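1. kindly return the folded structure for what I paste below:
(one chain, ligands or ions: 1)
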Amino acid sequence: MFSPLNMNPARVSRYSAKRHVHMSIRIFLALIASIFVGSAIQMKGASKPNIVMIFVDDLGYGDLGVYGNPTIRTPHLDRMAQEGMRFTDFYSAASVCTPSRAGLLTGRYPVRSGMCSDRRRVLFPNSKGGLPASEWTMAEAIKGQGYATAAVGKWHLGHLPQFLPTSHGFDSYFGIPYSNDMDLLPGSPGGAARSLEPEVEWWNVPLMRDEKVVERPADQTTITRRYTQEAVTFIKSNQEKPFFLYLAHSLPHVPLFRSPQFENKSLRGLFGDVVEEVDWSVGQVLNTLRETGLDQHTLVFFTSDNGPWLTQGPAGGTAGLLHEGKGSTWEGGMREPAIAWWPGKIKAGGITSELASTLDLFPTFARLSGIPESEITQKDGYDLASVLFENGRSARPHFAFYRGTRIFALRMGAYKAHYLTKSAYGRDPVVEHENPLIFNLLHDPSERFDIAGQRPELVKAFENLRTHYLNEVEVVPSQLEIVD
Ligand code: MG
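-> As a prediction, this is how the structure comes out:
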């Protein structure tokens with residue numbers, strides 16, 4: 001075996017001298033290389049993280065493989081959860097589209113911005129209102145920190161020019177500005193279409209690029225694919241500067257459409273095909289981040305705007321073990337699948353049952369983009385950094401379940417109190433519970449066993465909390481009631 005140890009002393013000495021010179025050169029070169037590589041890493045590390053917010057429409061708590069669906073296959077979201085963190089107790093800001101989106105983008109309960117109503121629950125094509133210019137959106141906040149910003153997909157915060165994404169902090173917009181079931185054309189099967197294989201031409205929904213309609217009716221069969229392409233292109237073209245991407249899929253909101261590649265693929269039928277294409281889309285986004293080397297430098301957050309649309313029958317999703325769905329303040333209406341992913345920063349495989357909400361994403365993203373805590377004036381959100389990055393406790397002590405402008409329920413720690421209940425869409429009256437129904441959601445996520453009678457101190461604590469909300473959260477005039 002060749003080794004300096006079996007050489008004679010003179011040769012060893014010459015060898016050592018030569019070796020030292022070689023080693024010195026190698027060390028010198030390595031040093032130079034490390035300075036370059038180090039500074040490149042440092043530059044990347046020192047620059048602000050990218051943020052990708054994926055928001056899907058009407059996906060229920062029980063509609064993903066990783067959340068227990070038996071027949072909808074979601075390998076990309078399952079992997080995202082394995083590599084990231086999955087929430088069990090994460091709430092949208094409302095149980096229907098418009099107020100939920102207003103809550104996400106402003107970090108404030110939608111009553112504060114007028115983006116809810118007791119008469120018209122969402123914006124419609126004849127609406128003249130929208131998210132007021134006075135609102136400070138997540139996109140404006142992040143853009144102010146030097147980020148490129150893009151909105152792709154459903155907006156539903158006002159389709160008139162002054163309310164569109166490009167008026168609210170996004171550099172660009174591509175998508176259907178409201179729900180994909182609006183603009184139903186006369187003579188179309190309408191409601192019945194929702195449980196059939198629908199046709200694109202039954203709805204006259206516009207597809208917009210920035211402020212212009214570029215296609216009408218939008219070809220919804222390729223909409224998930226095209227949103228995905230748009231998202232991938234945005235990521236690839238912004239590798240050199242920090243970016244914020246808001247990717248809000250129009251689906252799986254009814255009517256259900258998917259591209260030919262996903263037709264009749266899912267064991268769950270049409271709804272499954274659609275969710276599986278959305279899952280594919282998530283995979284495309286994550287793979288693009290991996291391929292560009294941005295994965296260790298990007299926070300991706302996935303959740304849904306509200307629970308499953310149960311009144312659509314098999315065309316709607318499922319809330320799994322949770323009671324009720326979209327439109328309701330029972331758990332199924334507002335508790336959502338939620339997955340956070342940031343390799344190297346979020347510990348892989350974490351599951352948290354900390355209380356959190358879409359309202360918390362504004363302060364979380366704003367802090368990551370470099371805004372000092374003192375400048376974040378959004379009162380309803382709590383920075384999730386300790387939950388995400390330290391597996392720590394949530395700073396959120398409680399959460400209010402509004403239906404329109406009214407508080408229907410409150411959550412505090414493990415407990416939830418219902419003051420008002422009503423079916424999601426029925427004509428039944430609102431039931432007022434003089435003695436609230438109280439459930440321990442950690443023991444009883446399906447809200448079956450009312451414990452109010454055994455816990456008078458909880459009844460009192462919730463009453464104080466309700467007074468706090470009634471005093472602190474101002475209800476302003478509704479934007480949703482401004483029509484033609
Ligand atoms: Mg929705």
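2. the strand ranked longest in the chain pairs with which strands, parallel or anti?
-> Using DSSP state E to define each element, the chain has its longest strand at strand 431-440. Taking DSSP bridges as the criterion, strand 431-440 sits next to strand 415-421 (antiparallel) in its sheet.
3. just the mean pLDDT for the partner strand, thanks.
-> Strand 415-421 shows a mean pLDDT of 98.
4. list the buried residues in it.
-> Tyr415, Lys416, Ala417, His418, Tyr419, Leu420, Thr421 (16 or more other C-beta atoms under 10 Å). C-beta here means a position set from N, CA and C on the backbone, and glycine is covered the same way.
5. so how many other residues sit close to Thr303?
-> 24 (other C-beta atoms under 10 Å).
6. would you mind listing what in the protein touches the ion?
-> Where the chain comes near the ion, counting by C-beta under 5 Å from the ion, the residues are Asp57, Asp58, Cys97, Asp305, Asn306.
7. these two touch, right, the fourth one and Asp57?
-> Yes - under the criterion of C-beta atoms under 8 Å, Asp305 is in contact with Asp57, at a separation of 5.6 Å.
8. between the two, who's got more neighbours?
-> Taking neighbours as other C-beta under 10 Å, Asp305 and Asp57 compare with Asp305 leading, 30 against 25.
9. next up, phi/psi of the more buried one, please.
-> phi -80, psi -30 (degrees, to the nearest 10).
10. neighbours around the residue nearest to it when sequence neighbours are not counted, how many?
-> Using C-beta to C-beta, 6 or more residues apart in numbering and skipping the chain neighbours, the partner closest in space to Asp305 is Ser100 (4.3 Å). By the measure other C-beta under 10 Å, the count of residues near Ser100 is 29.
11. tell me if Ser100 really is in a strand.
-> No - Ser100 is assigned helix when assessed by DSSP: H, G, I helix; E, B strand; the rest coil, not a strand.
12. got the contact list for it?
-> Contact analysis of Ser100 by C-beta atoms under 8 Å, 6 or more residues apart in numbering lists Ser92, Ala93, Ala94, Pro110, Asp305, Asn306, Thr358.
13. list only those of those residues flagged as buried.
-> Using 16+ other C-beta under 10 Å as the burial test, the contacts of Ser100 include Ser92, Ala93, Ala94, Pro110, Asp305, Asn306, Thr358 as buried.
14. can you redo these as TSV with pLDDT and secondary structure?
-> Conversion of the buried ones among the contacts of Ser100 to TSV gives the following (pLDDT from 0 to 100; DSSP: H, G, I helix; E, B strand; the rest coil):
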residue	pLDDT	secondary structure
Ser92	98	coil
Ala93	98	coil
Ala94	98	coil
Pro110	98	helix
Asp305	98	coil
Asn306	98	coil
Thr358	98	helix
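15. which of the residues you listed sits closest to Thr329?
-> Ala94 (9.1 Å; C-beta to C-beta).
16. who's in contact with that closest one?
-> Ser100, Ala102, Gly103, Pro110, Cys116, Asn306, Met334, Tyr402, Arg403.
17. and which of these is nearest to the ion?
-> Asn306 (4.5 Å; C-beta to the ion).
18. just checking, next helix/strand downstream of the longest strand of the chain?
-> Next in sequence after strand 431-440, counting helices and strands by DSSP states H and E, comes helix 456-472.
19. what's next to that following helix, contact-wise?
-> With C-beta under 8 Å, 6+ apart as the criterion, helix 456-472 contacts 379, 398, 400, 407, 410, 412, 415, 417, 419, 435-436, 438, 451-452.
20. quick one: which of those residues is most hemmed in?
-> Going by other C-beta under 10 Å, Ala417 tops the contacts of helix 456-472 with 26 neighbours.
21. list the buried residues of the longest strand of the chain.
-> For strand 431-440, by 16+ other C-beta under 10 Å, it's His433, Pro436, Leu437, Ile438, Phe439, Asn440.
22. from the ion, how far out is the third one?
-> Summarising the geometry, the distance separating Leu437 from the ion, computed by C-beta to the ion, to the nearest Å, is 26 Å.
23. tell me what that residue is bridged to.
-> His418.
24. need the pLDDT of it.
-> 98.
25. right, and it touches Arg448 too?
-> No - between Leu437 and Arg448 there is no contact under C-beta under 8 Å: 10.4 Å.
26. SS state for Val213?
-> The three-state assignment at Val213 reads strand, by three-state DSSP.
27. tally of neighbours for Asp444?
-> Count around Asp444 with other C-beta under 10 Å applied: 16.
28. thinking again about what came up before, in JSON lines, list the buried residues of strand 415-421 along with distance to Asp383.
-> Putting the buried residues of strand 415-421 into JSON lines (distance: C-beta to C-beta, whole Å) gives the following:
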{"residue": "Tyr415", "distance to Asp383": "24"}
{"residue": "Lys416", "distance to Asp383": "23"}
{"residue": "Ala417", "distance to Asp383": "26"}
{"residue": "His418", "distance to Asp383": "29"}
{"residue": "Tyr419", "distance to Asp383": "29"}
{"residue": "Leu420", "distance to Asp383": "31"}
{"residue": "Thr421", "distance to Asp383": "32"}
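29. can you give me the helices for the stretch 151-300 of the chain?
-> Along the stretch 151-300 of the chain, the segments classed as helices by DSSP state H, counting those that start in this stretch run 223-236, 270-291.
30. ok, the residue in the stretch 101-250 of the chain positioned nearest to the ion - contacts?
-> For the stretch 101-250 of the chain, the residue closest to the ion is Ser179, as judged by C-beta to the ion, at 7.4 Å. For Ser179, the contact set (C-beta under 8 Å, 6+ apart) comprises Asp57, Cys97, Val122, Lys154, His156, Ser250, His253.
31. perfect, that will be all.
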